[in-house]
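Colleague: Output the structure for:
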Amino acid sequence: MFAITGINGQVGSVVGRMLLARGQGVRAIVRSPEKGSAWRQRHCDVAIADIGDPAALAKAFDSAEGVFVLLPPSFDPTPDFKESKQWVDALRLALQKTRPAKVVCLSTVGAQSRQPNLLRQLSYMEQKLGDVTDAIAFLRPAWFMENSAGDISSARDRGVIDSFLQPLHQAIPMVATADIGQVATELLLDSWSGQRIVELQGPQKISPEMIAAALGKLLGREVAARAVPRGDWQSLFLTQGMNNPLPRIQMLDGFNQGWLTFQETGAEQRTGHVNLETVLRGLIDQAH
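Modeller: Okay, here's the model as predicted:
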């Protein structure tokens, strides 16, 4: 039996489906009974637990052969990352108590960086969970191709995508969530001891200009990438309702300046198979 947190999300749902397809038992960890109904229909165990509740998490992890862990998205954190630290501390307590045979944690490219930025939440997770069991793997995927979901309507209606990744011709590693879920599943089914760091990127590096060109091809119209001026980011994010945009700005700077990148030394390197056009086609279909 494998216990899966975030099973209704982009990556967790892939892990759950792939484990079921391979004949494995799955325990879906959800926050309410309603959120587990679809998995109950697939004959999964369903455990109700909030990510910040160590007692409920321990009950959900109990007797599981392996556990897949991810943190809820937190794009507008408090300055000290209070919320995500509480989640990690709860996970640590639950995993220390149950000590499953193996744990796979969804981390991020650049988790090894010490410079302040939004992804430091996951650096904290790696530091705190590294010794909770005898076999733990931190899966560090590249920038999600699915982050382009917000570009679909603008590309379709105006022929423009606004980009914070700059310069527009600069290609960085990206990966599809389907590939992330597949590698996470493979790790859960693997056997090892100690700590592993697995870095994952897609078949090619991708630039904003490449995204615009691919969207243009799929939509049958000209689409251009347009850089959002760096000086406008803070005011724009505040206008959009963020309270603390600095960590997000620091993260974007990290990708643009190249210091949020793969560790390489001491990490396993993997390459996914899903290409950008496949992901964008799916996002366009969802937007209709």
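Colleague: Now do the strands in the stretch 1-150 of the chain.
Modeller: In the stretch 1-150 of the chain, the segments counted as strands under DSSP state E, counting those that start in this stretch are 2-4, 26-30, 45-48, 66-69, 102-106, 135-141, 143-144.
Colleague: I'd like to know which elements the fourth one is packed against.
Modeller: Yep, that's strand 66-69 we're talking about. Helices and strands touching strand 66-69, by 3 or more CB pairs under 8 Å, 6 or more residues apart in numbering; DSSP states H and E, are strand 2-4, helix 82-98, strand 102-106, helix 177-189. Where C-beta positions appear, they are placed from N, C-alpha and C, glycine not excepted.
Colleague: May I see the ones you listed organised as JSON lines, with distance to L219 and mean neighbour count added?
Modeller: Converted to JSON lines, those look like this (distance: least, CB to CB, whole Å; neighbours: other CB atoms under 10 Å):
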{"stretch": "strand 2-4", "distance to L219": "35", "mean neighbour count": "28"}
{"stretch": "helix 82-98", "distance to L219": "37", "mean neighbour count": "19"}
{"stretch": "strand 102-106", "distance to L219": "31", "mean neighbour count": "25"}
{"stretch": "helix 177-189", "distance to L219": "22", "mean neighbour count": "22"}
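Colleague: could I get these as TSV with distance to N117?
Modeller: TSV is the format used below for the helices and strands packed on strand 66-69 (distance: least, CB to CB, whole Å):
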stretch	distance to N117
strand 2-4	28
helix 82-98	13
strand 102-106	17
helix 177-189	20
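Colleague: nearest to P245, of those?
Modeller: helix 82-98 (16.1 Å; CB to CB).
Colleague: Show me what the closest one packs onto, helices and strands only.
Modeller: For helix 82-98, the elements it packs on are helix 54-61, strand 66-69, helix 120-129, judged by 3+ CB pairs under 8 Å, 6+ apart.
Colleague: so it versus helix 120-129, what angle?
Modeller: On the basis of axes from the mean of the first three to the mean of the last three CA atoms, to 10 degrees, helix 82-98 is oriented at 20 degrees to helix 120-129.
Colleague: contacts for helix 82-98?
Modeller: For helix 82-98, contacts defined as CB atoms under 8 Å, 6 or more residues apart in numbering pick out 51-55, 57-58, 60-62, 64, 67, 69, 71-72, 74, 77, 103, 121, 124-125, 128-129, 132-133.
Colleague: and it, how far out from the chain's middle?
Modeller: Relative to its parent chain, helix 82-98 has a centroid offset of 18 Å by CA atoms, centre = their mean, to the nearest Å.
Colleague: How about stretch 140-158?
Modeller: 14 Å.
Colleague: just stretch 19-38 next, same as before
Modeller: 19 Å.
Colleague: picking that back up, may I see the helices and strands packed on helix 82-98 organised as CSV, with distance to L187 added?
Modeller: Below are the helices and strands packed on helix 82-98 laid out as CSV (distance: least, CB to CB, whole Å):
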stretch, distance to L187
helix 54-61, 17
strand 66-69, 9
helix 120-129, 15
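Colleague: which of the ones you listed sits most buried?
Modeller: strand 66-69 (a mean of 27; mean count of other CB atoms under 10 Å).
Colleague: contacts for that strand?
Modeller: Residues outside strand 66-69 that contact it (CB under 8 Å, 6+ apart): 2-6, 12, 15, 61, 91, 95, 100-106, 129, 184, 188.
Colleague: now that strand, how far from the centre of its chain.
Modeller: How far strand 66-69 lies from its chain's middle: 14 Å, per CA atoms, centre = their mean.
Colleague: What strands flank that strand, and is each parallel or antiparallel?
Modeller: Here strand 66-69 has these sheet partners by DSSP bridges: strand 2-4 (parallel), strand 102-106 (parallel).
Colleague: pLDDT below threshold where in the stretch 1-150 of the chain?
Modeller: Judged by pLDDT under 70, the stretch 1-150 of the chain has no weakly predicted residues.
Colleague: and the end-to-end length of stretch 103-121?
Modeller: 18 Å (CA to CA, to the nearest Å).
Colleague: ok, now stretch 28-40?
Modeller: Stretch 28-40: ends 8 Å apart by CA to CA.
Colleague: same question, stretch 150-166
Modeller: 17 Å.
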